[in-house]
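*Asks:* got a sequence here, can you build the structure:
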Amino acid sequence: MGNRLLVKSVLAILIPLLVGFSGPASALEIPAGLETVTGDDGSVWERVNQPGFGNQNNTAIVALGPYGESLYALTRNDATGFELWKTSGTGWEQVSVPGLTDNSNYFGWLKPGVLADQYDTKYNIKQGIWGDMIEFDGSLYVAVPSGYQGAQLYGSQGLEIWRFNGTTWEAVASQTVDADESGTITEIAECTDSDVAFTAQLTDSSKNWTTDEWAGCILRVIGEFDGSEGTEAGTPGIRVFDIISNTNDTLTVQQSENAGVDEYTICAEHRIRRQGDFGRPDSVVPGIGVTDAYTIECGVDERGFGEIWNKSIVDLEILDGELYASIGLNYPDGTRIWKTSNGTDWTPASDYSFGLYHGYYPDHYPGNPSGNPVQELDPCVLEGLEDRNGSPVSSSSTNFGKSDVTGTLTLYTGGTGTSGCNGRGARVARLDGSDWNFIVDYFVDVNDEGTNENGFGVSGSFETSNFQAWSWAEYDNLLFASVVRLKDGSRVMYTDSGSASDDAWVYSVGGDAAVADGFGEPTNIGSHLYAFDSSLYVGTISNVGFNAGPTNGADIWKGTGPGATITWTRVTGDGFGDTSIAQFEAFTTFAGAMYVAGSNITASGFRGEEESGYTGAKIFRMGGAGLSTTTTVSPSTTTTTSSGPCTAEKVYGMYSKEAELLRFFRDEVLNHSSEGREIIRLYYELSPVIVRAIDRDSEFKEKMRELFDGILPLAKSLIQN
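*Replies:* Numbering: from 1, shown residues only. Reported below is the predicted structural model:
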């Protein structure tokens, strides 16, 4: 929906205040409530889907997104590959997209690793541990990952992006965008362990290529497990290789299964172990041979934007008419931000790892494209790990935060803080114009004190450091960040400035705040934040990790009141009675209600690490249209239940005098007539769409302010009368 149309839609709702008429409601596909649960705080929620949509293997719902009349859901499924669902009528239907949802017939294999004896299982390589959906320029964009977390490739085929314009699905970054080259292998040379070179030669005698025509591209070969490493013979798999060079009919390729390791390219089925990556399983890759089919993929329109190690997109976000994507799990090169203005043509919007590599000053590492001279860090911030010098500090970016706490609406993201010469702990980068600049990092100033240092000032131990700034929400003109902490409980922090100053970040949960780490539960290692209906919600990520177990289900907490002195109230401490819920994630607003997914596994978990007794991921709803148990507005009441992010609060601020006036106008004037109550309903039904548009376009926010400024005198007059 364009901004001009949005303005007209708002006017269509507000002008009836003058003439006593209200228009018809939209025909939204709102799912029926299947079970009602009451929170510890008295709030009423409904479960709106069958667990796992009837399939136990749909263990997580990694993204929820409204588009058109429906709410879409993206699942994680380690058995048969991710699934895409949408609301239809009062239920749900599975969405089939040829080339996307039906291309899940290939597998990988996990085996016991270092201190990880529990693994021995087949998994689908398009399982979907992360993902996101967003409406941009009239289309729904869906980003899906491949592979697991960890410095092994784990079968990843790279991220994919598709879009839907309401009629047609189209590949944006995927193998199906175009066909660069394909064929069949006719000869293989030097493709064994410890042979002549690290590379191998694969020949297709039917070709007549130009020299180095395919250099820099990716080769994908459909292979098969033969059972030699304890796998199941005949199981289909895929191998991927970097193409180094080519002759008229032969490709020289390099295996890249283990990040930062010099590997021999081996065509036979074999097992890969990551030394020092304690707790993660080994992986087994399938063998390839003569007569196997292959494809060659080149360019940013391919999976992974043309890079093998771009396993995942963590988040999609819109700013000033451009769509941004944060990359996850690129262990050899580091994370990167990508962006597009038209949805089709994507370009890098940051350096790898934001220019930060262990053992070097920012932007002064070997091979830096900006040409800065090499400048080694001496002494190391964290000594004893010099063998990691040259590796990226941040292999993943986290979710995006969007805030105007600096006075300008911009984006924030977290960088994972791997251990090395440059220290450990969370980093935070802010988008300033076209540049990403650190505001939390060792190098932001000359001292080593304050919450602007590595890990917000806490980076001494890997287990107890503030490891990662994962999720973000703007509340009461403050930017809140959830902080992952692997032991002793996660934290929540906020800033009123978004700056790089020593005291920019303050604890709201954990640290020196009144509320204990992890809200009092050490197994709450992280959280997802979401602002809704004048409150800040926190869905925790529950995992034993380095803590004493067991877990007892994820929590939801609700924050109310002024942000600097926020009051936290528990909504649930046991997954709404389902202790197999490991995290509450994928918050969104649809038809004025807040939706959240209760998933049975965390993003870092491998197949087999689902919580005990799991039955599949669930979706819960609170407030808004469709909730049969919500409070009904009646002429005799003086207050109403607000059901969705309020447009006026977004324009003026949550506690502004303008927002308070409009709330009073709602409750004391509109609520006392049937026409007024219909206007309230329509207003909150459209509010989520308007709020999303405000987030994307600062000019549109000003237009909305002008519109409300014109309504305020009328509201005052009607209140006085």
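
*Asks:* care to break the chain down by domain?
*Replies:* 3-24+635-720, 181-297 (automatic domain parsing).

*Asks:* need those in TSV (columns: distance to residue 445 and mean pLDDT).
*Replies:* Every residue, glycine included, has its C-beta placed from N, CA and C. Shown next, in TSV, are those (distance: least, C-beta to C-beta, whole Å; pLDDT from 0 to 100):
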stretch	distance to residue 445	mean pLDDT
domain 3-24+635-720	30	65
domain 181-297	30	96
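
*Asks:* CSV please, covering the ones you listed and showing mean neighbour count and distance to residue 493.
*Replies:* As requested, the domains of the chain are exported to CSV (neighbours: other C-beta atoms under 10 Å; distance: least, C-beta to C-beta, whole Å):
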stretch, mean neighbour count, distance to residue 493
domain 3-24+635-720, 17, 19
domain 181-297, 18, 27
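
*Asks:* a markdown table for those domains, including distance to residue 80?
*Replies:* Output for the domains of the chain, formatted as a markdown table (distance: least, C-beta to C-beta, whole Å):
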| stretch | distance to residue 80 |
| --- | --- |
| domain 3-24+635-720 | 32 |
| domain 181-297 | 13 |
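
*Asks:* quick check: residue 716 touching residue 661?
*Replies:* Yes. Applying C-beta atoms under 8 Å, one finds residue 716 in contact with residue 661, separated by 7.0 Å.

*Asks:* pLDDT of stretch 107-118, averaged?
*Replies:* Mean pLDDT, stretch 107-118: 93.

*Asks:* go on, stretch 475-492?
*Replies:* Mean predicted confidence for stretch 475-492 is 97.

*Asks:* tell me the buried residues in that stretch?
*Replies:* For stretch 475-492, the neighbour count (16 or more other C-beta atoms under 10 Å) marks 475-492 as buried.

*Asks:* would you quantify the distance from the nearest residue to residue 444 once chain neighbours are set aside to residue 334?
*Replies:* The shortest distance from residue 444 to any non-neighbouring residue, by C-beta to C-beta, 6 or more residues apart in numbering, is to residue 500 (4.4 Å). Residue 500 sits 21 Å away from residue 334, going by C-beta to C-beta, to the nearest Å.

*Asks:* also residue 116?
*Replies:* Noted for residue 116: a distance of 25 Å to residue 334, by C-beta to C-beta.

*Asks:* so which of the two has more stuff around it?
*Replies:* residue 334 (26 against 16; other C-beta atoms under 10 Å).

*Asks:* would you confirm that residue 233 contacts residue 225?
*Replies:* Yes. Under the criterion of C-beta under 8 Å, residue 233 makes contact with residue 225 at 6.3 Å.

*Asks:* what's the closest of the domains of the chain to residue 405?
*Replies:* domain 3-24+635-720 (12.1 Å; C-beta to C-beta).

*Asks:* how far is the host helix or strand of residue 162 from where the chain is centred?
*Replies:* If you go by DSSP states H and E, residue 162 is part of strand 160-164. Chain-centre distance of strand 160-164: 15 Å, with C-alpha atoms, centre = their mean, to the nearest Å.

*Asks:* and for stretch 273-291?
*Replies:* Worked out by C-alpha atoms, centre = their mean, stretch 273-291 lies 26 Å from the chain centre.

*Asks:* where do the strands of the stretch 551-700 of the chain begin and end?
*Replies:* For the stretch 551-700 of the chain, the strands defined by DSSP state E, counting those that start in this stretch occupy 556-560, 567-572, 583-590, 593-599, 618-622.

*Asks:* thinking again about what came up before, quick one, phi/psi of the residue nearest to residue 444?
*Replies:* Per-residue torsions, residue 500: phi -100, psi 20 (degrees, to the nearest 10).

*Asks:* list the contacts for it?
*Replies:* Applying C-beta atoms under 8 Å, 6 or more residues apart in numbering, we find residue 500 in contact with 437, 438, 439, 440, 444, 445, 452.

*Asks:* swap in 7 Å and give it another go.
*Replies:* For residue 500, the contact set (C-beta atoms under 7 Å, 6 or more residues apart in numbering) comprises 439, 444, 445, 452.

*Asks:* and for residue 51?
*Replies:* 615, 616, 617, 618.

*Asks:* the second one and residue 60 touch, don't they?
*Replies:* No. Judged on C-beta atoms under 7 Å, residue 616 makes no contact with residue 60 at a distance of 9.2 Å.

*Asks:* by neighbours, which of the contacts of residue 500 wins?
*Replies:* residue 452 (24 neighbours).

*Asks:* so that one: helix, strand or coil?
*Replies:* With DSSP: H, G, I helix; E, B strand; the rest coil as the basis, residue 452 sits in coil.

*Asks:* if I look at it, how far off is residue 437?
*Replies:* To residue 437, residue 452 is 12 Å away according to C-beta to C-beta.

*Asks:* and if you look at residue 366?
*Replies:* Here the criterion is C-beta to C-beta. By it, residue 366 lies 22 Å from residue 437.

*Asks:* ok, the two, which is more surrounded?
*Replies:* Between residue 366 and residue 437, residue 437 has the larger neighbour count (other C-beta under 10 Å), namely 16 against 11.

*Asks:* point out the other helices and strands that the helix or strand where that one lies packs with.
*Replies:* Element membership of residue 437, judged by DSSP H and E, is strand 435-440. With contacts defined as 3 or more C-beta pairs under 7 Å, 6 or more residues apart in numbering; DSSP states H and E, strand 435-440 has these neighbours: strand 427-432.

*Asks:* now tell me what touches whichever helix or strand comes after the strand holding residue 162 from outside.
*Replies:* The helix or strand immediately downstream of strand 160-164 is strand 169-173, counting by DSSP H and E. With contact meaning C-beta under 7 Å, 6+ apart, strand 169-173 is reached by 97, 99, 159-163, 177, 300-303, 305, 343-344, 346.

*Asks:* what's the spacing between strand 169-173 and its chain's center?
*Replies:* The answer for strand 169-173 is 19 Å, by C-alpha atoms, centre = their mean.

*Asks:* what are the pairing partners of it, and which direction each?
*Replies:* Note on strand 169-173: by DSSP bridges, its sheet partners are strand 160-164 (antiparallel).

*Asks:* now the strand it pairs with: average pLDDT?
*Replies:* Mean predicted lDDT for strand 160-164 stands at 98.

*Asks:* ok, residues contacting that strand?
*Replies:* For strand 160-164, contacts defined as C-beta under 7 Å, 6+ apart pick out 97, 100, 139-144, 169-174, 303, 343.

*Asks:* how about the strands of the stretch 251-400 of the chain, start to end?
*Replies:* Applying DSSP E, counting those that start in this stretch to the stretch 251-400 of the chain gives strands spanning 270-272, 282-285, 293-297, 312-319, 322-328, 337-340, 347-348, 397-403.

*Asks:* turn those into CSV, columns for distance to residue 471.
*Replies:* As requested, these are exported to CSV (distance: least, C-beta to C-beta, whole Å):
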stretch, distance to residue 471
strand 270-272, 32
strand 282-285, 29
strand 293-297, 33
strand 312-319, 9
strand 322-328, 12
strand 337-340, 17
strand 347-348, 24
strand 397-403, 5
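
*Asks:* can you map out the helices along the stretch 551-700 of the chain?
*Replies:* 647-652, 657-668, 674-696, 698-720 (DSSP state H, counting those that start in this stretch).

*Asks:* in a markdown table: those, plus distance to residue 263.
*Replies:* Shown next, in a markdown table, are those (distance: least, C-beta to C-beta, whole Å):
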| stretch | distance to residue 263 |
| --- | --- |
| helix 647-652 | 51 |
| helix 657-668 | 59 |
| helix 674-696 | 43 |
| helix 698-720 | 48 |
